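[1] Okay, structure incoming, though there's no sequence with it:
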């Protein structure tokens, strides 16, 4: 058996036969704006690091408060598999967030993420620091965010990299993002973007 | 770069270019009733305090019970940012609720709210007390509520102030409120109303 | 100010003006089947006890499991207010459930329910016992259920009493129930039914 | 009273009268693909074991993280009743999952499941082991899964057995599965599939 993938329409890959052991069967979920499919594919092929916000992207925007403060955050098992699938292609994942959450620290340990930036006030400064530490160029970085404090970093990364927003992001972010996920934050939005990157890389020039 | 915001239609601001460091890029989410856009803008410009109910507005109406009683409540990270954004414009936020919840107390501390009224049986009496303490006039106060025990206070505030209801409020409240949020309680309803106040203030007379 | 309520259409009461202190402003949410509006109103006027299942009606069908077993159940603040509103009309609420949940016990204490039947294997036998203890006749009892183990008791109560199902009940229950809620279990289904009983009682013969 | 069930349309059984004590009143929720109704009924009649993935099928894909790691998982009370109903027909249920979750262990104990396979890296190998231990042939096993690590085992079981996917499964799984549930993972997807197996067995050849 063999994957025979062709971009049948603008939005979907059709796959003739499923490989039993396939873990990278491609499938696009969301939609594209501001970029042509060819340009998006060109950008996706160059990505080596996907950065993500935490609350509202990896979580469902929920803040679950008990009498002793925040009790937990809701993540999605599918985002973890998205990070694994990106890893198989040599693409790393990193988190940049304004919060200082011990819940997130434990989740990031479980996901074995190397890039974890908590309590960030200036996301653009953190991006500069990550670029200096990794030596990555602007076109090698993607970003997914959901709220107005992501506008600045998404404006910059969108110039040469690739940007995305969960289905339930703030409308200001929906206007700016290049890939709009079909799935909501904490409910597979990151996975959706990961599948888009994986799928677009398979389009032949 | 610069924000060039114009009210293109009755419902949406269009923004030509996003400022990287903008935190008050305007965008309307919900819809208006009982007031004209001009009157709503006039009212929004005068607001100095937004009062909100807790359960069903800041929370998702969920009461999560374990063997020892209520375990937690679900809030939204986006409402916290809405309160911050209102604060940048000099608008304060306050909570009036019939419940006596320690979960809410912790959440209110985190959000640094000055006006927190728990265990309220008569919301109209509490409004009078807040007005006496703050010296605010009726047209400087807004209110968002979701259930029949909010009818009285919303009827009064709606006369000269500004009132709102989450997308999933009781229908009795939907009939009365002036702004109907697109987002549900505990899922950004307060933020939605905050964005409406922010956006309407930008409409030039 | 005064409530002027008239049944404008089959489904909605229109209310000319809201009383600030009104707690029984009527409003129908769901839909009716198997009964005419007149017959439903006649039955609603006789109800003195509303019985409800727990999981899937008062809760969202969720079973939240931690390493030590069930951690909590999700109830709705609005159902509590529905029970209060029924109480104002002299109508009691009772729970019949197959489970033995300490979470439910605590919730029932908070709601001050007198009729709480846990670990019930035969709901019809429990109904007989309740009728013997309260002296209520068949036409004075209503029931809301969501799954196949509610079929028997709903078939019996539906003959002369009044029955309902949450929006997300099992389809077998949707076929049988007389009132179909617009709201889901754990998300106001009970409140929806309570509002229906309250509203239908206001229809003049 | 008596159940008179006939397959009125391709999708729904109509039932003339509900038996008060009926627990197997049939009703189909989802939809079928890749198989005719007759072939699906033939396959459903042979099933003696329904295998299921955990996260995304029995759970809502949520990973709820507190400061000490995962706090709980969301299951559905209705899936438990689905397993009971299958048990009444002599059909067992088993779980195969890549995770090592103590939450799941407790849930499986409560549900009295005999087949529980945690920390599985190769689901096809586990299937072989289950077949050897139980002596079941390929046409006696059904499987419901939601993500790409279920593709291999679903491809094999789908040849002679019966396969399903929750309403919110990954699209790769939606392409492959024979029965598409109307309900989402952790919200009754397993129950939906159980009802399909129960209902299809009632179709007379």
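    Nice, I can see it. As the structure is a prediction and not an experimental result, all values here were calculated from the model.
[2] Return the residues in contact with the residue of chain A most remote from its centre.
    The C-alpha centroid of chain A is most remote from residue A:67, which lies 33.2 Å away (Cα atoms, centre = their mean). Neighbouring residues of residue A:67 by Cβ atoms under 8 Å, 6 or more residues apart in numbering or on different chains: B:102, B:103, B:105, B:106. Every residue, glycine included, has its C-beta placed from N, CA and C.
[3] May I ask which of those residues has the most neighbours?
    Greatest neighbour count in those, by other Cβ atoms under 10 Å in any protein chain shown, goes to residue B:103: 24 neighbours.
[4] quick one, phi/psi of that residue?
    phi -60, psi -40 (degrees, to the nearest 10).
[5] Do you know the pLDDT at the residue lying closest to residue A:60 once chain neighbours are set aside?
    Leaving aside its sequence neighbours, residue A:60 sits nearest to residue A:186 (Cβ to Cβ, 6 or more residues apart in numbering or on different chains; 3.0 Å). We have a pLDDT of 97 for residue A:186.
[6] How much space separates residue A:186 from chain C?
    16 Å (Cβ to the nearest Cβ, to the nearest Å).
[7] Tell me the secondary structure at the spatially closest residue to residue A:181 that is not a sequence neighbour.
    Once flanking residues are discounted, residue A:181 sits nearest to residue A:192: 4.0 Å by Cβ to Cβ, 6+ apart. On the three-state scheme (DSSP: H, G, I helix; E, B strand; the rest coil), residue A:192 is labelled helix.
[8] Enumerate the residues of chain A near chain C.
    Applying Cβ under 8 Å from any Cβ of the partner chain, we find that chain A lies next to chain C at no residue.
[9] where's the closest residue to chain B within chain A, which helix or strand?
    Distances between chain A and chain B by Cβ to the nearest Cβ are smallest at residue A:152, namely 3.4 Å. Residue A:152 belongs to helix A:151-160 when assigned by DSSP states H and E.
[10] Show me how far that helix is from its chain's centre.
    Computed by Cα atoms, centre = their mean, to the nearest Å, the chain-centroid distance of helix A:151-160 equals 14 Å.
[11] Heading C-terminal from it, find the next helix or strand.
    Criterion used, DSSP H and E; the element after helix A:151-160 is strand A:162-165.
[12] May I have the strands that pair with that next one, each with its orientation?
    strand A:141-144 (parallel), strand A:179-180 (parallel) (DSSP bridges).
[13] I'd like the mean pLDDT over the helix or strand following that strand, please.
    Downstream of strand A:162-165, the next assigned helix or strand under DSSP H and E is helix A:171-176. Helix A:171-176 comes out with an average pLDDT of 92.
[14] Show me what helix A:171-176 is packed against.
    Helices and strands touching helix A:171-176, by 3 or more Cβ pairs under 8 Å, 6 or more residues apart in numbering or on different chains; DSSP states H and E, are helix A:151-160, strand A:162-165.
[15] Can you say which of those is packed in most?
    strand A:162-165 (a mean of 29; mean count of other Cβ atoms under 10 Å in any protein chain shown).
[16] And it, how far out from the chain middle?
    Worked out by Cα atoms, centre = their mean, strand A:162-165 lies 7 Å from the chain centre.
[17] could you give me the average pLDDT of that strand?
    98.
[18] on that earlier part again, for residue A:160, which of the strands paired with strand A:162-165 is the nearest?
    The closest of those to residue A:160 is strand A:141-144. By Cβ to Cβ, the value is 8.7 Å.
[19] Name the surrounding residues that touch the closest one.
    A:47-53, A:57, A:127, A:130-131, A:150, A:153-154, A:157-158, A:161-166, A:177, A:181, A:189-190, A:193, A:197.
[20] how distant is that strand from the center of its chain?
    Counting by Cα atoms, centre = their mean, strand A:141-144 comes out at 6 Å from the chain centroid.
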